[in-house]
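Novice: Any chance you can model this:
(chains A, B and C)
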Amino acid sequence: MKSTTKLFALTTAVLVSTASFASAQTLDRVKQRGTLSCGVNVGLAGFSAPDDKGNWTGFDVDYCRAIAAAVLGDATKVRFVPTTAKERFTALQSGEIDVLNRNTTWTLARDSSLGLSFVGTNYYDGQGLMVKTGLKVKSAKELDGATVCVQTGTTTELNLADYFRVNKLAYKPVVFEKADEILQAYQAGRCDVYTTDASGLYAQRLQMQKPDEHIVLPEIISKEPLGPSVRQGDSQWFTIVRWVHFALLNAEEAGITKGNVDKMLESTNPDVRRILGKEGEFGKGIGLANDWAFQIIKQVGNYGEIFDATVGAGSRINIARGQNNLWTKGGLQYAPPIR
Amino acid sequence: MAEASRQPSRRVHGAAGAIVLDGVHKWYGEFHVLRDINLVVKDGERIVICGPSGSGKSTLIRCINRLEEHQQGSIIVDGTELTSDLRNIDKIRAEVGMVFQSFNLFPHLTILDNLCLAPVWVKKQSRAEAERIARQYLERVKIPEQALKYPGQLSGGQQQRVAIARALCMNPNIMLFDEPTSALDPEMIKEVLEVMSELASSGMTMICVTHEMGFARSVADRIIFMDRGEIVEMAPPEEFFNNPRSDRTKQFLSQILNH
Amino acid sequence: MTATVQSPSPGPIAPPAKPNLLYRPEFRQAVYQILLVIALIIGFWAIAHNVAVNLARQNIASGFGFWTRTAGFDISQTLIEFDNQSTYGKAFWAGLMNTLLVAGLGIIFATILGFLVGIGRLSSNWLIAKLATAYVEILRNLPLLLQLFFWYFAVLKNLPGPRESISLPGGASLNVRGLYLPAPVPESGFGYVLAAFGIGILTSIAIAMWSKRRQLATGQRFPVLWTSLALIFLLPGAVYLVLGQPLGFEYPALRGFNFQGGMAVQPEFMALLVGLSTYTASFIAEIVRAGIAGVPRGQREAANAIGLSNGLTMRLVIIPQALRIIIPPLTSQYLNLAKNSSLAVAIGYPDFVSVFTGTVLNQTGQAVEVILLTMLVFLTISLLTSAFMNWFNKHIALVER
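Specialist: Alright, predicted model coming up:
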């Protein structure tokens, strides 16, 4: 009920808002306000979840912080707005949030009919299926007749239908609004299968009472490129968010880390000097201070550091870099140069 | 059929001792509302009870059909003792009619339905038979033309006459009246008292709580004065009005007759 | 009024022949009405225009073209046929039917339970009265969402998996996936059994009418209830046996992960129905109690005094009068129940809000259209319920005067 009410309020905001903000410069508004409104997941370990002290942590959360560091010079100036899968796009359309960093899949439909633009892919994901080891299932092809728990309003719901149809398998979906509810229902045995992005499955498995009793099946049944999105029609803001992402990648590629960034200011490497604003006017070019990337790395870290600390080897979730490694290391993450 | 058409007047020479109260006590919590009530009402006798408010007179007659429960002593109505035995209570209630100060007609039913309700559901009369009797009694209380109206459409006096007719439809041996005229405008009191007098003359056993002293004088066989839960004085009307023994009775009479 | 139609213009231009026009209340009222209508039209136009412009400027798709597009998702429980090749429009109806199903059954159960508990609170039996009071106080003071979670997860956690199902008599099974019942499969000749059933019902109605007439005429009663039960159940039963039991059952059987075949009642549906019914019943109980308490004490005394038993007093005197007090607040409880059914999404029941305002909204991204339709649906459900209850209220109010 509450989320429906919130959704209703957001929709009303879309209805009555004048056209002003659509063309207005999001950058100016963020600067004027002094904080960045960032839409995140209400709770998905590794991506965005409040820790035991109430601080937001996670991969998506760090992307919010990186944008704030670049734009405002202070990674702490973020207002995190938790959104459900259902509310997220409306929150962005209505101007409630400036950017959506919520493990959201980039699709053509979303890019074209929702009035928003994805800036890039910061996490290459795919939909996985998790089952109890006790079922002795080794492959998704053995799931004929299974009951599947899935989250509402996601691409997952559609992929699931497609996969089972293509493979001529029968299934029963049970659809929930929040990941917590799915987790509870799945653990109570309501479903044989829990499906969502593979990263989410690994994260959720950690929340379970007995993580060892569940396995993620080898099949990845879809492409799920996740990335930040912004409203259409504000190319300046689009460029900023996109280049925050590229800066994170370029910093990792150039070996600049949170720990060595101060020392790197003295580097003679022109790549490093351009990233850190010692050479050229690249920050000014996108409407930011020249040390924008320095602030990101100094306060948040580079892409690899964020990945490791939140979902990678340095975290409890321990997901391999895989496709999310830099192109130089056999992965898909590739950023245009800062020059 | 025979039972239904039996007229109340046939009861005049019935068994003696229609109501016997023996050492009846009642408390509302700490409040001792009836103190050692002893009273024998003969069949066909007409009793008027008066007394200041709070003297327990209403409680007394409400004990007779078990709307209130007494805690000590015995009450025997028509040979049946009132105990917590539900069958006795139902039997007595079917034989004892009661008229309330506030009429208590059923507002969702027509006058005719008000009258037929208990005969049909309790006495299992046919609807036609019950209606025939009901119309007879409406005739008797002089409002036959109101049969199809609802209580809310009648004046207070008419409603009270309907209430009397409703009680009579159960063909009771005994009628209890709990201040039947207290809620009425003066011009309506008369029409109700006329009906009651007519009923009295038919030989019905009646116990009537009222302050209508004219009615008491002309109709009652005995008048009872109650105060603080006790029967203070009990005498035929002549003696009660002309030669009361108790000071409390005198004081009460002087207040009520001179006001 | 005719004068005002001829000259809607304000005072100074009004014909001198009617100098008082400006001061006529009808004229002023008409002017205010017209102004209000104009203001409303302008207001709505402005909003609609603004929305259209905004959506276009933000490049958000608009219109109802999505209605006939393929939905591409599945729904776990539907009353109409639905699969992932069906359209969004069909998803709308599937969700709506699910909401109506749970709301309709919920209203029936909540009413029955509410009346029982409400009367129970007034019972002279100490234990019953206290139990009823405890019921009301606990259920109406806990948030409904919490209660739904309780019913759902409490039930789920305590039920065994499909392979350890509890077998119930008659081939039914209960497990964490739901209650599986045998589905009746009529064979040839079963039509006669149905016909016998129908004849039994019709005859019972005829007997009830005849018995009522006979009671009016002679006062004799006929054991209508027992005769009817015999006619309705024994007659078709006899036909069934004579024809050699022409009804097969498709029994649910464990195949693979789940039971297949038979009829299944999902735990989401059961939890939602139980949660909504018991929660709303606690409010209805209070309404019923207040309604009965609102009937003057004298009514009960008068009924007792003419010899009606307590049961008859309740049925013939108290309840009919209490209903007039009960109906209006009861209506709003029914509306609440219908609206509260949208909490279904939290426990995975595919109601209208979950399917349409959830999945469809998200897959199409057309929040404005979907929310508008949602508002329209709930408005329609509410208005229809109110209209029916108003009609019913008027119907029983008429009895009084």
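Novice: pretty sure residue A:189 contacts residue C:156?
Specialist: Yes: the pair residue A:189 / residue C:156 is scored as a contact, 7.1 Å apart, by Cβ atoms under 8 Å. Glycine gets a C-beta too; all of them are placed from N, C-alpha and C.
Novice: Common neighbours of these two, please.
Specialist: By Cβ atoms under 8 Å, 6 or more residues apart in numbering or on different chains, residue A:189 and residue C:156 have these common neighbours: residue C:176.
Novice: show me where the stretch 301-401 of chain C has helices.
Specialist: For the stretch 301-401 of chain C, applying DSSP state H, counting those that start in this stretch gives helices covering C:310-312, C:319-340, C:352, C:361-364, C:367-398.
Novice: I'd like to check what contacts the third one. Which residues are they?
Specialist: Residues external to helix C:352 that are found in contact with it (Cβ under 8 Å, 6+ apart): C:92, C:95-96, C:98-99, C:342, C:374, C:377.
Novice: Check whether whichever residue of the stretch 101-250 of chain B sits closest to chain A sits in a helix, strand or coil.
Specialist: Of all residues in the stretch 101-250 of chain B, residue B:108 sits closest to chain A, at 39.1 Å by Cβ to the nearest Cβ. Three-state assignment for residue B:108 (DSSP: H, G, I helix; E, B strand; the rest coil): coil.
Novice: Look up how far residue C:326 lies from it.
Specialist: Note on residue B:108: its distance to residue C:326, by Cβ to Cβ, to the nearest Å, is 13 Å.
Novice: Quick check: which ranges of the stretch 1-150 of chain A have low pLDDT?
Specialist: Where the stretch 1-150 of chain A drops to pLDDT under 70, the residues are A:1-7, A:10-24.
Novice: cutoff 50 now
Specialist: A:1, A:18-23 (pLDDT under 50).
Novice: Break down it into its helices, ranges please.
Specialist: Under DSSP H, counting those that start in this stretch, the stretch 1-150 of chain A gives helices at A:2-16, A:20-23, A:26-33, A:59-72, A:88-93, A:108-113.
Novice: Please identify the buried residues of the third one?
Specialist: Buried residues in helix A:26-33, counting neighbours by 16 or more other Cβ atoms under 10 Å in any protein chain shown, are found at A:26-27, A:30.
Novice: I'd assumed residue A:86 was in contact with residue C:361.
Specialist: Yes: the pair residue C:361 and residue A:86 passes the contact test of Cβ under 8 Å, sitting 6.7 Å apart.
Novice: Can you name the residue of the stretch 51-200 of chain A nearest to chain B?
Specialist: residue A:177 (48.1 Å).
Novice: Next, the contact list for that residue, please.
Specialist: Taking Cβ under 8 Å, 6+ apart, one finds A:3, A:84-86, A:151-153, C:345-346, C:354, C:358 in contact with residue A:177.
Novice: would you turn these into CSV with distance to residue C:296 and neighbour count?
Specialist: CSV is the format used below for the contacts of residue A:177 (distance: Cβ to Cβ, whole Å; neighbours: other Cβ atoms under 10 Å in any protein chain shown):
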residue, distance to residue C:296, neighbour count
A:3, 47, 18
A:84, 52, 22
A:85, 56, 24
A:86, 52, 26
A:151, 56, 24
A:152, 53, 28
A:153, 55, 24
C:345, 46, 28
C:346, 44, 22
C:354, 47, 30
C:358, 50, 31
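Novice: Filter these down to just the ones in strands.
Specialist: Applying DSSP state E to the contacts of residue A:177, the entries found in strands are residue A:151.
Novice: For residue B:160, state which of the contacts of residue A:177 is nearest.
Specialist: Closest approach to residue B:160 among these (Cβ to Cβ): residue C:346, at 59.7 Å.
Novice: Can you check the pLDDT for the closest one?
Specialist: The model reports residue C:346 with a pLDDT of 87.
Novice: so it sits right up against residue C:145, yeah?
Specialist: Yes: applying Cβ under 8 Å, one finds residue C:346 in contact with residue C:145, separated by 6.1 Å.
Novice: what's the spacing between the residue nearest the centre of chain A and chain C?
Specialist: Centrality entry for chain A: nearest residue to the mean C-alpha point is residue A:103, 3.3 Å, by Cα atoms, centre = their mean. Distance check for residue A:103 against chain C: by Cβ to the nearest Cβ, to the nearest Å, it reads 14 Å.
Novice: Just the mean pLDDT for stretch C:103-115, thanks.
Specialist: Mean per-residue pLDDT for stretch C:103-115: 95.
Novice: what does that stretch contact?
Specialist: C:273, C:276-278, C:280-285, C:287-288, C:330, C:333-334, C:337-338, C:341, C:381.
Novice: just the strands in the stretch 101-250 of chain B please.
Specialist: Using DSSP state E, counting those that start in this stretch, the strands found in the stretch 101-250 of chain B span residues B:174-178, B:205-209, B:222-227, B:230-235.
Novice: ditto for chain A
Specialist: So, for chain A - with DSSP E - the strands run A:36-41, A:49-50, A:56-57, A:78-83, A:99-100, A:116-118, A:123-125, A:127-132, A:146-151, A:171-176, A:193-197, A:214-216, A:224-226, A:229-231.
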